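Undergrad: after the sequence you'll find the predicted model.
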Amino acid sequence: MTTREVEHEITIGAPAAAVYQLLADVTNWPRIFPPTIHVDRVEAEGNEERIRIWATANGQPKDWTSRRTLDPEALRITFRQEIPAPPVAAMGGTWILEPLDADTTRVRLLHDYRAIGDDPHDLLWIERAVDKNSTSELQALKENVELVHAADREELTFSFVDTVQVAGRAKDLFDFVNEAGKWADRLPHVAVVRLAEDTPGLQELEMDTRAKDGSVHTTKSYRVVFPSWKIAYKQVTLPALMTLHTGEWTFVENAEGTAASSQHTVTINTANIARILGEQATVADARAYVHTALSTNSSATLAHAKAYAEQKAA
């Protein structure tokens, strides 16, 4: 079978150690890399780890399991897919970080891959996906590392959680959130919903939701489902005030029933603050607006899920 090899690179204005640190912690990847939806660290021992990644390739959601070897001394991370997603037969590569000076790093991203049956069409599909994702990831890595020490970075990105205690089972709460295709009938703030799950456990969710001011916003998310306790998601079509929105629904049983939570991580889009909120609006105003909008919707969903689960329990 034919093995193709390809290399992408970028120069980043930051110390190599800072770049390495961001690459080494895969739990950050959904926030850094546009194609990455969710990452689970399945196991880790020393400098070896096994991870499961859900990401888009040429706009299609895929998932695979990889092994990574971390080498902080050599500033290298090698990876090899254990269970590739078709049409990939094999995929691996290396992140190589080369310090150019104290505050500049050249990052090289190497890939080698094979297609199932050496199919020319599939080889071209993989080539395009690798090129598109590598280019996107390197640019996003550059932007994130170079911003990480900026004064306003922490102010632009923030996280929060809404939690309700429910006298019901985690499974019933999970079912309510998992069955998002029924939300237009179950949730007053959802006008239209389209849910697809071509791969079990990997959902594509598009919704039109109503804000308190009556405006309707269309959003699209990919959701990764862990029955019956967690649904992680990443929005890929975002409202104007956000450049990032990831989150998790979690359902944890306790002595009183179940704690149901909705967690959000958001980055504010400063380019649209004046247009949406007015010329005098600040980043703090945008944070408050987005926090209120998201919290209102997720709290409403949790309240309806609570009523559903408690009715089931009764």
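TA: Nice, thanks for sending it over. Residues are numbered from 1 along each chain as shown.

Undergrad: now do the helices in the stretch 101-250 of the chain.
TA: Listed in chain order, the helices of the stretch 101-250 of the chain (DSSP state H, counting those that start in this stretch) span 120-147, 153-156, 170-178, 183-186.

Undergrad: got these as TSV, with distance to Asn47 and mean neighbour count columns?
TA: Yep, even glycine has a C-beta here, placed from its N, CA and C like the rest. Below are the helices of the stretch 101-250 of the chain laid out as TSV (distance: least, CB to CB, whole Å; neighbours: other CB atoms under 10 Å):
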stretch	distance to Asn47	mean neighbour count
helix 120-147	21	17
helix 153-156	29	14
helix 170-178	35	22
helix 183-186	44	15
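
Undergrad: and the longest helix out of those in the chain, how far out from the chain's middle?
TA: Longest helix of the chain, by residue count under DSSP state H: helix 283-313. Offset of helix 283-313 from its chain centre (CA atoms, centre = their mean, to the nearest Å): 20 Å.

Undergrad: heads up, I number from 51, so please use that
TA: New numbering, starting at 51: the last item is helix 333-363.

Undergrad: next, the buried residues of it.
TA: 336-337, 339-340, 343-344, 347-348, 351-352, 354-356, 358-360 (16 or more other CB atoms under 10 Å).

Undergrad: now swap in stretch 273-285 and tell me
TA: In terms of neighbour count (16+ other CB under 10 Å), stretch 273-285 has its buried residues at Arg273, Val274, Val275, Ser278, Lys280, Ile281, Ala282, Tyr283, Lys284, Gln285.

Undergrad: what's the closest of those residues to Pro136?
TA: Checking these against Pro136 by CB to CB gives Val274 as the nearest, at 18.7 Å.

Undergrad: return the distance of the helix or strand that contains Leu73 from the chain's centre.
TA: Per DSSP states H and E, Leu73 falls inside helix 66-74. Relative to its chain's centre, helix 66-74 lies at 19 Å (CA atoms, centre = their mean).

Undergrad: send the alpha carbons of that helix over as CSV?
TA: C-alpha atoms of helix 66-74 as CSV (Å, rounded to 0.1, in the frame of the first residue of the first chain):
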residue,chain,number,x,y,z
ALA,A,66,9.2,26.7,22.6
ALA,A,67,8.3,25.5,26.1
ALA,A,68,5.1,27.5,26.1
VAL,A,69,4.1,26.1,22.7
TYR,A,70,4.9,22.5,23.9
GLN,A,71,2.8,22.9,27.0
LEU,A,72,-0.3,23.8,25.0
LEU,A,73,0.2,20.9,22.6
ALA,A,74,0.9,18.4,25.4
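
Undergrad: what mean pLDDT does that helix have?
TA: In this model, helix 66-74 has a mean pLDDT of 94.

Undergrad: next SSE after it?
TA: Counting by DSSP H and E, what follows helix 66-74 is helix 79-82.

Undergrad: in its sheet, what does the helix or strand following that next one sit against?
TA: Counting by DSSP H and E, the next helix or strand C-terminal to helix 79-82 is strand 86-95. Paired strands of strand 86-95, with direction, are strand 98-107 (antiparallel) (DSSP bridges).
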